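Novice: starting from these lines, generate the structure:
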Amino acid sequence: MPRSRINENFIDKTFSIVANILLRIIPTTSGEKEAFTYYRDGMSAQSEGNYAEALQNYYEAMRLEIDPYDRSYILYNIGLIHTSNGEHTKALEYYFRALERNPFLPQAFNNMAVICHYRGEQAIRQGDSEIAESWFDQAAEYWKQAIALTPGNYIEAQNWLKITGRFE
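Specialist: Below you'll find the model as predicted:
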């Protein structure tokens with residue numbers, strides 16, 4: 001049974017009803033509708049912490065979805081799961097792939113910056129300040145891109161950039 005039919009949460013049910021109505025009235029192919037159903041089911045599973053199920057749904061949505069913009073959000077969500085699982089290299093790969101299809105995803109730039117900043121902190125703990133600075137510089141570049149896309153967001157990142165002298 002599709003996940004969209006077993007949601008018990010009021011918000012999930014409402015979203016599913018609205019999405020089903022939109023799928024009926026907006027002219028889309030059956031493949032696009034099926035891709036969206038997998039994507040929606042992936043988001044639902046992901047929100048419940050069922051990452052394996054979410055990944056299965058996202059991979060199936062990727063197989064069916066042809067629109068680069070829509071694919072970017074699927075790839076971004078796959079990156080989120082890998083980030084949550086501590087698989088930062090995989091997460092970065094998926095964020096890069098999402099940005100190749102849609103360079104206007106500030107949240108992908110932000111998440112990449114967070115991973116780089118985390119790696120910089122790890123390098124400091126390991127006593128490697130040169131590697132740490134390299135990671136921090138990369139984090140700064142990603143945060144600058146996120147901020148350029150959404151200037152009012154990422155206030156903590158803006159403060160960090162100013163404090164560390166990386167804000168230009």
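Novice: how near is the nearest residue to Phe167 once chain neighbours are set aside to Asn85?
Specialist: Closest residue in space to Phe167, ignoring its immediate chain neighbours: Leu161 at 3.7 Å, by C-beta to C-beta, 6 or more residues apart in numbering. No exception for glycine: its C-beta is placed from N, CA and C like everyone else's. Per C-beta to C-beta, to the nearest Å, Leu161 is found 28 Å from Asn85.
Novice: swap in Leu105?
Specialist: Per C-beta to C-beta, Leu105 is found 20 Å from Asn85.
Novice: of the two, which one has the most company?
Specialist: Ranked by neighbour count (other C-beta atoms under 10 Å), Leu105 and Asn85 place Leu105 first, with 22 against 12.
Novice: tell me how far that one lies from Tyr94.
Specialist: Counting by C-beta to C-beta - Leu105 and Tyr94 are separated by 11 Å.
Novice: which neighbours do the two share?
Specialist: Tyr76 (C-beta atoms under 8 Å, 6 or more residues apart in numbering).
Novice: which residues of the chain score low on pLDDT?
Specialist: 1-27 (pLDDT under 70).
Novice: identify the residue spatially nearest to the most centrally placed residue in it, adjacent ones excluded.
Specialist: The chain has Tyr76 as the residue nearest its centroid, 3.2 Å off, counting by C-alpha atoms, centre = their mean. Leaving aside its chain neighbours, Tyr76 sits nearest to Ala98 (4.2 Å; criterion: C-beta to C-beta, 6+ apart).
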